[in-house]
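**Q** With the input below, show me the fold.
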Amino acid sequence: MVSPAELTLYSRLYCHLCHDMEVLVRPICEEFGASLTILDVDADPVLEERFNELVPVLMHGETELARYRLNVPDFRAYMAEIR
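**A** Numbers count the residues shown, from 1 in each chain. Okay, the predicted model is just below:
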């Protein structure tokens, strides 16, 4: 059995691009059985320093899958590949 992917979305509460990406990512994660953790970069000084205004960022481990906007076909293909 393959273990589910664990994805992280680095986000901000007031960021419309962040909300847009979450809306696109969540159902695809559910479809592929992946978990999604959303981290508010403003809640952690280290994350705020690392990402500054470069959010949203979707990561799978150390692999950056998307920044600012999600390419849905590419994301689906990636999820199918790692399944």
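**Q** can you map out the strands along this protein?
**A** In the chain, the strands defined using DSSP state E lie at 6-11, 35-40, 57-60, 63-67.
**Q** Now do the lengthiest helix in the chain: which elements does it pack against?
**A** Determined from DSSP state H, the single longest helix within the chain is helix 16-32. Using 3 or more CB pairs under 8 Å, 6 or more residues apart in numbering; DSSP states H and E, the elements in contact with helix 16-32 are strand 6-11, strand 35-40, helix 72-82. Yep, even glycine has a C-beta here, placed from its N, CA and C like the rest.
**Q** What pairs with the second one, parallel or antiparallel?
**A** Strands that pair with strand 35-40, judged by DSSP bridges, come out as strand 6-11 (parallel).
**Q** so where is the chain shaky, pLDDT-wise?
**A** 1-3 (pLDDT under 70).
**Q** rerun at 90
**A** Low-confidence segments of the chain, defined by pLDDT under 90: 1-4, 83.
**Q** Run a quick neighbour tally on residue 27.
**A** Neighbourhood size, residue 27 [other CB atoms under 10 Å]: 9.
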